[in-house]
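Asks: Have a look at this prediction, sequence included:
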Amino acid sequence: MKKINKTETRELTGKIELRENGEGKRMLTGYAVKWEKKSQVLGFLRKFREQFKKGAFTESLEKDDQLFLWSHDPSKVLGRTKNGTLRLEEDDIGLRFELDLPNTTLGNDAYETIKRGDVDGVSFGFKVEADEIQDADDDLPLRTVTKARLFEVSVVAFPAYPDSEVSARGFDRIRQYDEERERQMLKIKILNNL
């Protein structure tokens, strides 16, 4: 199976918590992904749903450096795992994050914007390395991501699923699945007619 080498993003509304200790240190916590929770309908031409299996990011968390960004903008870095300002952990619920907000203009703006409730979405950028696709009860294929590289987590203003470019990436994978299934059905028909 040919995999398309493209970064995908997914966005969700979740509970983002802000904390500040007596020394003025500010922390942002929440979940970037929750295990086996079906997404909203994704896809541009071919619709599907998606979910992540527990442990999908284990290998990536061990070997890669992840960033925490403002709205997927690589010029607006709020923290990273390499220096310990971002901590990511897979627990029984999902991929949990803790971010120490920097004492910078960007950090202060992020803190105030989230505190006011203007921004309450979380998103993440990843590349699928292994997935499974199955037919679901609602006539929409269900893509289960079992292994992925995590590049970044972001706070975002629009907690909705990705734009057409990302959806088109997902569409290609689902179309590939459909074509493989059709080929298998054709082989079965040919064998039955022999």
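Replies: Cool, the structure landed. Predicted model only: the values in this text are computed from it and were never measured. Numbers count the residues shown, from 1 in each chain.

Asks: show me where this protein has strands.
Replies: For the chain, the strands defined by DSSP state E occupy 8-13, 17-20, 26-34, 49-52, 67-70, 73-80, 86-90, 94-100, 121-134, 142-156.

Asks: How far does the fifth one sit from its chain's centre?
Replies: What that stands for is strand 67-70. 13 Å (Cα atoms, centre = their mean, to the nearest Å).

Asks: Direction included, what does that strand pair up with?
Replies: Partner strands and pairing direction for strand 67-70 (DSSP bridges) are strand 73-80 (antiparallel), strand 142-156 (parallel).

Asks: Can you say which of the ones you listed is nearest to residue 104?
Replies: Taking Cβ to Cβ, strand 73-80 is the member of the strands paired with strand 67-70 nearest to residue 104, at 8.7 Å. No exception for glycine: its C-beta is placed from N, CA and C like everyone else's.

Asks: tell me the angle of the closest one relative to strand 26-34?
Replies: Strand 73-80 and strand 26-34 are oriented at 110 degrees to each other (axes from the mean of the first three to the mean of the last three Cα atoms, to 10 degrees).

Asks: then strand 73-80 to PDB, C-alphas only?
Replies: Taking Å, rounded to 0.1, in the frame of the first residue of the first chain, the C-alpha atoms of strand 73-80 are listed here in PDB:
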ATOM      1  CA  ASP A  73       2.400  28.600  12.900                       C
ATOM      2  CA  PRO A  74       6.000  27.400  13.200                       C
ATOM      3  CA  SER A  75       7.100  31.000  13.800                       C
ATOM      4  CA  LYS A  76       5.000  31.100  17.000                       C
ATOM      5  CA  VAL A  77       6.500  28.500  19.300                       C
ATOM      6  CA  LEU A  78       5.100  28.300  22.800                       C
ATOM      7  CA  GLY A  79       7.200  25.300  24.000                       C
ATOM      8  CA  ARG A  80       8.800  22.000  23.000                       C
END
